[in-house]
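**Student:** Provide a 3D model corresponding to the input given below.
(one chain, ligands or ions: 2)
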Amino acid sequence: MKSNKSVSRKNLFLLLLDGCLLAGFWLLNQVRLTGIVIHEWAGVALAFVLLLHVAMHWQWIANMFRKFLRVRNALQYFKLALDIFGFIAFFAIIISGILMSKSFLPALGLSGVHSRNLKMIHLMATNATIAMLVLHLLVNLKGIIRMMTRSRRLRSREKSASGNLPDGIDPAGLG
Ligand code: HEM
Ligand code: HEM
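**Tutor:** Residues are numbered from 1 along each chain as shown. Ligands and ions are numbered 1, 2, ... in the order given. Sure, this is the predicted structure:
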């Protein structure tokens, strides 16, 4: 069984990663504030952060597919559908962005395409991802609160107590 310490560290890491994703996604919507160069490179970097986020939850996704016909919980199916939709929408933003890029592709010796359609896809995929994100955070709210309170409780226990803590809890519904 995992120790409380490693569960607490994993929770903190997941929360930090989620915070970076959320803040990064917000920043990428402020193109006028960042300028196009930061926008493009930060966008590509965020794609890797998202891949890490998905990798950290891979067990949950794999379990859902493995037990697909045996799961009798509509919310779980909804979460999975939302995750798939979000993943496609997110990478539609990245791919359309790269194709019309003014800094990223030129840095690789290639040139981006100037197309109104690509820009439209970029914007539509951004709006779809925002909608997914709101629902994604709502359906995971219970888990987020549980992870936050457990991390805080364990850290304050670590501060006051010395020696080993007993084996215990698992992170909020994570594999
Ligand atoms: C900006 C984008 C995103 C943000 C800010 C975000 C944030 C979060 C948060 C706060 C949680 C709950 C706490 C945790 O377990 O870490 C979570 C869980 C999860 N996220 Fe995301 N997420 C994003 C995009 C995505 C996308 C596109 C996918 C697609 C595969 C995804 C897949 C998952 C999975 C599988 C879980 C855990 C299982 C479940 O749905 O309960 N996330 N995410
Ligand atoms: C999650 C990631 C991203 C989000 C949320 C996002 C969002 C946006 C938004 C809201 C705009 C403003 C559109 C307008 O002027 O109304 C924009 C413009 C743009 N984005 Fe992104 N973007 C992302 C990633 C990327 C990436 C990775 C690239 C390229 C490598 C990119 C390239 C561009 C370009 C070139 C424009 C300017 C289009 C123009 O005005 O001609 N974006 N993006």
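**Student:** Now do Met120 against ligand 2, distance only.
**Tutor:** Met120 is 10 Å from ligand 2, where distance means C-beta to the nearest ligand atom, to the nearest Å. The C-beta positions use only the backbone N, C-alpha and C, and glycine is treated the same way.
**Student:** tell me which element that residue falls in.
**Tutor:** For Met120, the element it lies in under DSSP states H and E is helix 116-139.
**Student:** And stretch 35-47, how far out from the chain middle?
**Tutor:** 16 Å (C-alpha atoms, centre = their mean, to the nearest Å).
**Student:** what does the chain put close to ligand 1?
**Tutor:** Residues of the chain lying close to ligand 1 by C-beta under 6 Å from any ligand atom are 14, 18, 21-22, 25, 50, 53-54, 57, 60-61, 79, 83, 86-87, 90, 133, 136-137, 140, 143-144, 174.
**Student:** Which members of those residues are classed as buried?
**Tutor:** Buried members of these, scored by 16 or more other C-beta atoms under 10 Å, are 14, 18, 21, 25, 50, 57, 60-61, 79, 83, 86-87, 90, 133, 136, 140.
**Student:** The residues you listed in helices, which ones?
**Tutor:** Mapping those onto helices (DSSP state H) picks out 14, 18, 21, 25, 50, 60-61, 79, 83, 86-87, 90, 133, 136.
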